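Novice: Structural data only, the sequence is not supplied:
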């Protein structure tokens, strides 16, 4: 049987691992960003790759920081699992939304027109929801730890 301390240790490692993958994806998104700049593509295309590159690098770092801070939170195993999966699902949803969106030229600010734009809009929504859940757990765990 896995104990709470083991779950918390795995949570830390998994968030750092998956955050590193999201960060790497963001770094690698810098290659097409660079290519669209030197090939003088339109400003809209350059902007979409800049956003994908910047956001994924930042979100990957946020996930790594959350992983590093997670041992200091006063949370049990079930809440630690919720913290882990909220950030992991959010991170990969953002990877799909930003990379596919930049590649296909979809901003996905609305679900219309239906199809790919709707799918990417949902991915953004999942990413935002996971982030909010994870941030709420971080606030709860840190507040509980200091009180």
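Specialist: Cool, the structure landed. Just so we're clear, the structure is a prediction, and the values are computed from it rather than from any experiment. Residues are numbered from 1 along each chain as shown.
Novice: Check which helix or strand the spatially most central residue of the chain maps to.
Specialist: Nearest to the geometric centre of the chain sits residue 91, at 2.3 Å (Cα atoms, centre = their mean). If you go by DSSP states H and E, residue 91 is part of helix 77-104.
Novice: list the buried ones in that helix?
Specialist: Under the neighbour-count criterion of 16 or more other Cβ atoms under 10 Å, helix 77-104 has 77, 79-102 buried. Backbone N, C-alpha and C define where each C-beta goes, glycine included.
Novice: and that helix, what other elements does it pack with?
Specialist: When contacts are defined as 3 or more Cβ pairs under 8 Å, 6 or more residues apart in numbering; DSSP states H and E, helix 77-104 packs onto helix 4-28, helix 43-69, helix 116-146.
Novice: tell me the average confidence for the helix or strand just after the shortest one?
Specialist: Toward the C-terminus, helix 4-28 is succeeded by helix 30-38 as the next helix or strand (DSSP H and E). Helix 30-38 shows an average pLDDT of 98 in the prediction.
Novice: where does helix 30-38 sit relative to the chain's centre, distance-wise?
Specialist: 22 Å (Cα atoms, centre = their mean, to the nearest Å).
Novice: Could you check the angle it makes with helix 43-69?
Specialist: Relative orientation of helix 30-38 versus helix 43-69 (axes from the mean of the first three to the mean of the last three Cα atoms, to 10 degrees): 160 degrees.
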